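coordinates only, sequence not included:
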């Protein structure tokens, strides 16, 4: 998906009202790790849709925040910032589902990897160098 588009996150196949912890992580271009986590409880049908289920207290955020696992990403190093320098390569987002809530994650139940791209297919990137001006022009297909 494109980095500025909403990402729908859902988990299926859980037990009714099962408590789980979801964790996202990604590494920036320097290799620095960013992570966020949230506690959830599946519905009676064993499904968890972050657009409908609020995060419970105890994680990186709480409440109904469908994109919370992305905006709450925090670096392991203090004062580090998530910066993307090469927009031609995507960020690789790791998503993990762990059993239960707690200080330490329980058993890993599921995991997935998702690419968050910055350029739509067909966009041309043109470097601009004119006098003292240095820029990049992005042209749509």
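On my side now, so go ahead. Quick caveat: nothing in here was measured; it's all calculated off a predicted structure.

how close does residue 116 get to residue 69?
12 Å (Cβ to Cβ, to the nearest Å). For the C-beta atoms, the positions are set from N, CA and C on the backbone; glycine is no exception.

scratch that, residue 43
With distances taken as Cβ to Cβ, residue 43 is found 18 Å from residue 69.

Show me which of those two is the more surrounded one.
Neighbour comparison, residue 43 and residue 69: the larger count goes to residue 69, with 25 against 15 (by other Cβ atoms under 10 Å).

give the contact list for that one.
Applying Cβ atoms under 8 Å, 6 or more residues apart in numbering to residue 69 gives the contacts 9, 22-24, 36-38, 50, 60, 95.

Next up, phi/psi of it, please.
Residue 69 adopts backbone torsions of phi -70, psi -10, taken as degrees, to the nearest 10.

any idea how far it is from residue 126?
For residue 69, the distance to residue 126 (Cβ to Cβ) stands at 35 Å.

And for residue 50?
Taking Cβ to Cβ as the measure, residue 50 falls 38 Å from residue 126.

Which of the two has more residues huddled nearby?
Higher neighbour count among residue 50 and residue 126: residue 50, with 21 against 9, using other Cβ under 10 Å.

Let me know whether residue 47 touches residue 12 as I believe.
Yes: contact criterion Cβ atoms under 8 Å: residue 47 and residue 12 qualify, at 5.3 Å.

And the two? Which one has more around it.
When residue 47 and residue 12 are compared for neighbours, residue 47 comes out ahead with 15 against 11, by other Cβ under 10 Å.

How about the contacts made by the spatially most central residue of the chain?
Closest residue to the average C-alpha location of the chain: residue 70 at 3.7 Å, with Cα atoms, centre = their mean. Contacts for residue 70 (Cβ under 8 Å, 6+ apart) come out as 7, 24, 36, 93.

Lovely, talk soon.
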